[in-house]
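> Everything below, folded, please.
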Amino acid sequence: MSTKSVDVVLIGGGIMSATLGTMIKLLQPDWSITIFEQLSDVGQESSNPWNNAGTGHAALAELNYMPEASDGTLETSRAVNINEQFQISRQFWASLVKAGVLSDPGSFINPTPHMTFVRGEQNVEYLRRRHELLKNEPLFDGIEFSDDPKVIYKWAPLLMRDRQKDEKVAATRIQTGTDVDFGSLTHQLVDYLVRSGAVLSSETEVKKLKKQKDGTWNVTVRDRVGNTPHTVNARFVFVGAGGHALPLLQKSHIPEIRGFGGFPISGQFFRTDNPAVVAQHQAKVYGKAAVGAPPMSVPHLDTRVVEGQSSLLFGPYAGFSPKFLKSSSWLDLPASIRFHNIGPMLAVARDNFDLMKYLIGELLASKKKKLAALREFMPTAKAEDWYLITAGQRVQVMKKDAKRGGILQFGTEMVTSADGTIAGLLGASPGASTAVPIMIDLIERCFVEQYPGWKNKLDKLIPSLGTKLNEDKKASEKSLEATATILELTR
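Purely as a prediction, here's the structure:
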């Protein structure tokens with residue numbers, strides 16, 4: 001087999017690899033980049049618009065980022081932090097639009113109000129208190145609260161039409177929310193990389209990762225067409241393969257991956273493209289997860305804009321599949337088990353019985369029962385208007401914990417080797433929406449020598465980098481105004 005050398009190998013053609021590759025190409029244009037994607041096109045797994053909720057997570061409406069503590073208190077720090085991260089992503093995209101890297105912003109981002117909708121007296125009171133805290137945070141400026149059915153009807157008619165008049169309801173709304181098509185964004189970023197000299201190798205599966213004595217990595221791949229193996233030597237490797245990142249990092253044998261396991265969760269959404277229904281709802285509306293349900297199960301009725309066409313999406317309906325990707329093997333989960341992660345995985349199983357019970361219930365739920373859940377949000381929903389689609393796989397992180405033996409977490413985790421020559425991203429939400437700050441963190445950790453020289457360029461691309469927008473009202477207003485330019489271009 002012939003071996004060629006490159007500076008950077010990106011494994012996986014999703015939003016994470018596309019974002020990191022674009023950053024590196026802008027910061028160090030002379031570096032060579034090769035992208036390996038096992039499917040025939042990029043952005044087809046978790047970055048695909050129908051495989052994710054695509055909200056542009058900003059914690060404007062997602063209640064799981066501001067849960068009520070056991071003593072009833074509420075804390076804004078996590079919601080603020082998520083919003084800060086999303087502002088960084090939006091600033092980066094705005095800079096790329098100005099630079100011509102991204103064209104036609106309306107193909108990947110559209111202004112869409114974000115709402116929260118709750119039912120029941122206790123939930124109404126919770127939402128009222130949440131609003132009282134967030135309305136004073138600069139990044140949540142303009143958030144509105146109402147428990148008046150007439151006001152909520154004006155915001156989102158489908159939530160209130162034919163609802164019981166005596167039902168206690170409340171909602172919040174903020175009009176600076178967005179809908180993001182990460183599949184379109186991924187395609188545009190990869191197109192830029194290819195125009196700039198990067199090599200995209202699709203239908204190519206990574207079979208082996210082996211570190212060399214000089215600190216570089218030999219990445220052995222096999223073309224699915226022709227079944228031809230070849231090897232690329234890289235100074236740096238990023239594993240951005242979604243759920244498949246865990247087994248790939250295990251192949252690298254870096255000690256930092258020891259103890260990590262993956263818990264795959266599948267899901268479904270109801271979707272409607274009926275123009276008469278879609279025209280009545282222009283918002284992303286989040287509810288509250290059922291007791292015992294995991295954070296990713298929060299029900300939401302979303303406006304989605306894909307290829308210029310608006311649709312509505314409701315869900316998710318969680319399920320279980322041992323696959324780590326929609327397109328991968330049923331043996332993914334058992335094949336990922338190692339001696340070093342058996343303990344943490346068994347501890348997670350022991351401590352998450354309620355989650356297992358919930359997933360079994362979701363798996364056994366009939367279409368009629370799923371439609372009933374939709375009607376709790378939208379009482380007038382008709383079965384003939386909606387059809388089920390299968391969402392992307394989410395592989396939640398399981399890892400060692402000193403007290404419990406192992407924990408299941410619902411965020412993301414960056415795993416990097418001690419020498420910074422290889423890194424990979426595990427986990428799911430908020431994922432794509434925070435791709436830019438996640439990749440900046442990677443660059444700081446893995447390119448220690450280069451980062452000081454790159455910092456000035458990054459500051460120009462992301463003016464608020466290194467500052468806390470929410471602690472400076474003028475800075476937050478400036479950031480919101482700057483990123484609003486890409487939204488203006490969508491109109």
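> can you pull the buried residues of stretch 182-200?
For stretch 182-200, a neighbour-count test (16 or more other CB atoms under 10 Å) marks 182-193, 198, 200 as buried. Quick note: C-beta positions are derived from backbone N, CA and C, even for glycine.
> Where does the prediction get shaky in the stretch 51-200 of the chain?
For the stretch 51-200 of the chain, applying pLDDT under 70 flags the ranges 53-55.
> Could I get the full set of helices for it?
77-99, 121-134, 149-155, 157-160, 182-195 (DSSP state H, counting those that start in this stretch).
> Just tell me which of those helices ends up closest to I33.
helix 182-195 (6.4 Å; CB to CB).
> How far off centre is that closest one?
17 Å (CA atoms, centre = their mean, to the nearest Å).
> Packing partners of it?
In terms of contact count using 3 or more CB pairs under 8 Å, 6 or more residues apart in numbering; DSSP states H and E, helix 182-195 is assigned the packing partners helix 15-27, strand 33-36, strand 199-201.
> So which of the buried residues of stretch 182-200 is the closest to E444?
L189 (20.5 Å).
> close enough to count as contact, that closest one and M16?
No. Applying CB atoms under 8 Å as the test, L189 and M16 come out as separate, 10.5 Å apart.
> sorry, back to before: mind checking which of the helices of the stretch 51-200 of the chain is nearest M378?
Across the helices of the stretch 51-200 of the chain, closest to M378 is helix 157-160 (CB to CB), at 4.8 Å.
> For that closest one, buried residues please.
Quick answer for helix 157-160 (16+ other CB under 10 Å): 158-160.
> now swap in stretch 129-137 and tell me
130-131, 134, 137.
> Let me know the closest of these to V80.
Among the buried residues of stretch 129-137, and counting by CB to CB, the member closest to V80 is E137, at 5.8 Å.
> quick one: contacts for the closest one?
With contact set as CB atoms under 8 Å, 6 or more residues apart in numbering, E137 has these partners: 76, 80, 470.
> out of those, which are buried?
Counted by 16+ other CB under 10 Å, the contacts of E137 give 76, 80, 470 as buried.
> Return the distance of K474 relative to E481.
10 Å (CB to CB, to the nearest Å).
> Likewise for H187?
H187 is 28 Å from E481, by CB to CB.
> Contacts only, for L359.
Per CB under 8 Å, 6+ apart, neighbours of L359: 265, 318-320.
> Give me the most central residue, this protein.
Compute the mean C-alpha point of the chain, and by CA atoms, centre = their mean the closest residue is G431, 2.9 Å away.
> so it makes contact with S47?
No. At 9.2 Å, G431 does not count as touching S47 under the criterion of CB under 8 Å.
> before we move on, the earlier item: bridge partners for the spatially closest residue to the residue nearest to the centre of the chain that is not a sequence neighbour, pull those for me.
Of all residues not flanking G431 in the chain, T412 sits nearest, at 6.0 Å (CB to CB, 6 or more residues apart in numbering). Beta-bridge pairing for T412 (DSSP bridges): G427.
> T412: neighbour count?
17 (other CB atoms under 10 Å).
> so where does E449 fall, helix or strand?
Assessed by DSSP states H and E, E449 sits outside every helix and strand.
> in the stretch 351-491 of the chain, which ranges drop under the pLDDT threshold?
Residue ranges of the stretch 351-491 of the chain with pLDDT under 70: 482-483, 485-491.
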